[in-house]
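Peer 1: just a sequence and a predicted model for now, questions to come.
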Amino acid sequence: MTSDIKLTAEDFSNGVKGRWCAGCGDFGVHSSLKKAMAELGIPPSKTILISGIGCSSRMAYHLNGYCFHTIHGRPIAIASGCKIANPEMNVWTVCGDGDSLAIGGNHFIHALRRNVNINIVLLNNRIYGLTKGQYSPTSERGFISKSSPYGTVEDPFRPSELIIGASGEFFARCVATDGPGSVKCLTAASRHKGTAVVEMLTNCVTFNNGSFDRIYSKEGRDENALYLEDGKPMLFGKNKEYGIVQHGFDLKVVKVGEGGYTLNDILLHDSHCTDRTLHTKLSSLEGPDFPIVLGVIRDVSIPTYEEEIEKQIEEISAKKSYHNFEELMKTQHTWTIK
């Protein structure tokens with residue numbers, strides 16, 4: 001959704017000071033979210049933000065709009081209902097990796113499958129922070145926490161694989177400390193018709209500090225992040241000297257100008273490609289041998305759930321002989337009691 005109304009980030013500030021730990025990535029998310037909403041030009045009176053439970057979900061306290069702090073794992077279900085009942089509203093959900101991928105996992109995948117036109121901002125810090133440091137569905141194998149004192153013996157979810165595998169048609173990834181990159185992903189998500197997920201990588205300074213060190217600073221992103229842009233080659237590195245090429249069924253990092261590889265060999269990004277294979281592979285790349293992929297990875301348009309619901313209602317209503325409750329009551333067998 002978008003509009004021509006001129007707004008500023010302050011229009012989406014309710015004056016309540018953020019209550020996160022000093023240095024928490026959620027401060028950056030809060031700032032980027034307000035800027036994105038202003039850029040979209042949709043006023044607070046047309047904006048709904050639903051959050052669940054967790055540090056990320058405190059976002060509902062700090063934004064101007066119709067904000068609702070709900071229960072653990074259920075914000076996506078409530079946001080879906082809000083959108084279906086109020087299709088003219090711009091509906092956002094802010095949730096954490098535990099909130100959305102553990103207790104709320106069922107609602108998460110089925111919103112993607114149905115393609116409800118909502119924006120899901122998934123704050124991934126690989127930890128349960130509000131409950132003081134238990135491992136989450138995205139914590140890495142071997143991670144030591146209060147609930148895994150000897151290290152986890154589980155492999156984590158890769159959110160991107162889950163999203164694309166559940167028929168998600170929009171997926172973007174950004175870093176909380178990268179304001180411009182975050183705003184770009186958030187505005188693209190809102191302009192997409194259908195369920196849009198933006199994974200925001202955030203640092204929990206208290207319980208999982210340094211989880212995304214490779215790309216959390218600008219210098220780190222210059223070296224280790226691959227920013228995708230439609231129609232442009234997949235280049236990264238401080239001087240854009242490295243690129244991604246197809247190597248059989250796999251992807252491979254090469255240095256342009258060496259080993260016979262030229263710029264023409266580097267893959268071009270197409271977020272609108274309906275095939276999921278390359279988008280899944282790109283979103284799953286991780287170090288130390290590969291860059292972390294940022295930006296809009298997948299953006300494919302298909303009919304939305306609420307559009308199909310409205311269409312079905314109109315088609316069936318046109319065939320019915322009744323249009324209200326009184327007429328309905330008179331369509332079947334009736335009798336009069338004297």
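Peer 2: Received it, and whenever you're ready, just let me know what you need. Treat the numbers as computed from the prediction; the structure is a model and nothing was measured.
Peer 1: wait, a helix at residue 99?
Peer 2: Yes: using DSSP: H, G, I helix; E, B strand; the rest coil, the assignment for residue 99 is a helix.
Peer 1: got a list of what the nearest residue to it once chain neighbours are set aside touches?
Peer 2: If the residues on either side of it in the chain are set aside, residue 99 comes closest to residue 52, at 4.1 Å by CB to CB, 6 or more residues apart in numbering. For glycine as for every other residue, the C-beta is placed from the backbone atoms N, C-alpha and C. For residue 52, the contact set (CB atoms under 8 Å, 6 or more residues apart in numbering) comprises 70, 71, 72, 73, 74, 75, 93, 95, 96, 99, 100, 104.
Peer 1: which among the residues you listed end up buried?
Peer 2: The neighbour-count test (16 or more other CB atoms under 10 Å) applied to these identifies 70, 72, 73, 74, 75, 93, 95, 96, 99, 100, 104 as buried.
Peer 1: from residue 93, how far out is the fourth one?
Peer 2: Counting by CB to CB, to the nearest Å, the gap between residue 74 and residue 93 amounts to 10 Å.
Peer 1: ditto for the first one
Peer 2: Going from residue 70 to residue 93 by CB to CB gives 9 Å.
Peer 1: quick check: neighbours shared by those two?
Peer 2: 50, 51, 52.
Peer 1: between the residues you listed, which is nearest residue 9?
Peer 2: The closest of the shared contacts of residue 70 and residue 93 to residue 9 turns out to be residue 51 (CB to CB; 18.9 Å).
Peer 1: quick one, what contacts the closest one?
Peer 2: Contact analysis of residue 51 by CB under 8 Å, 6+ apart lists 57, 58, 59, 60, 67, 68, 69, 70, 75, 93, 94, 95.
Peer 1: go again with 6 Å.
Peer 2: Applying CB atoms under 6 Å, 6 or more residues apart in numbering, one finds that residue 51 lies in contact with 57, 59, 60, 69, 75, 94.
Peer 1: next SSE after the helix or strand where residue 68 lies?
Peer 2: Under the criterion of DSSP states H and E, residue 68 resides in strand 66-69. Elements were assigned by DSSP H and E; along the chain past strand 66-69, the next helix or strand is helix 75-85.
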